[in-house]
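Chemist: Give me the fold of what follows.
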Amino acid sequence: MSLQLPSSRTALRLALTVTFCALLLSFSTRGKMMLHTMGPLHPWYHLALFGFLGFLAMRSSQKASVRIALLIAAALLGLSIESIEALRYANHLEWYDVRTDTLGVAIGALLGWLVSFRSTN
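Modeler: Numbering: from 1, shown residues only. From the prediction side, this is the model:
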């Protein structure tokens, strides 16, 4: 049984959709309330979402420059969302979440690279 990986076009479309939804929900008060988690699982949600984005970024193109640009964009998305929430809701910027998001992108990128490497060999 082999793992079916998304094509580069599908991965890019899925990454853009997830990004768009995350931004929309962070602008909406109701969306923020729906997404806001607390407790010990909170960092794991950040790690999983941004890990997924990192994985999709690695699957979205064969060109290293495009992959790097998408990975940087995914990491900046985490900072952007936290900044939007800090400004909109007058909260402190949650640097812990930004670090977790960036770590998720890095882990997802590594997994995406490993899967791509194994599928070509």
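Chemist: so what pLDDT did the residue nearest to the spatial centre of the chain get?
Modeler: Centroid check for the chain by CA atoms, centre = their mean gives F50 as the closest residue, at 2.7 Å. For F50, the pLDDT comes out at 93.
Chemist: Show residues contacting whichever helix or strand it is part of.
Modeler: F50 belongs to helix 42-59 when elements are defined using DSSP states H and E. When contacts are defined by CB atoms under 8 Å, 6 or more residues apart in numbering, helix 42-59 is touched by residues 5-6, 8, 11-12, 14-15, 18-19, 22, 37, 67, 70-71, 73-75, 77-78, 96-97, 100-113, 115-116. Bear in mind the C-beta positions are built from the backbone N, C-alpha and C, glycine included.
Chemist: Can you tell me which of those are buried?
Modeler: With burial judged by 16 or more other CB atoms under 10 Å, the buried subset of the contacts of helix 42-59 is 8, 11-12, 14-15, 18-19, 22, 67, 70-71, 74-75, 77-78, 97, 100-109, 112, 116.
Chemist: rewinding a little: what's the distance between whichever helix or strand comes after the helix holding F50 and the middle of its chain?
Modeler: Moving toward the C-terminus from helix 42-59, the first helix or strand encountered (DSSP H and E) is helix 64-88. Mean-position distance between helix 64-88 and its chain equals 8 Å (CA atoms, centre = their mean, to the nearest Å).
Chemist: Heading C-terminal from helix 64-88, find the next helix or strand.
Modeler: Next along the chain after helix 64-88, taking DSSP H and E as the criterion, comes helix 95-120.
Chemist: Let me see the contact set for the residue nearest to L56 when sequence neighbours are not counted.
Modeler: Of all residues not flanking L56 in the chain, A15 sits nearest, at 3.9 Å (CB to CB, 6 or more residues apart in numbering). Applying CB under 8 Å, 6+ apart to A15 gives the contacts L53, L56, A57, S60, L70, A74.
Chemist: And for S116?
Modeler: Listed by CB under 8 Å, 6+ apart, the contact set of S116 reads L5, M58, R59.
Chemist: neighbours around the second one, how many?
Modeler: Read it as M58. The number of residues packed near M58 is 23, by other CB atoms under 10 Å.
Chemist: Fine, thanks again, bye for now.
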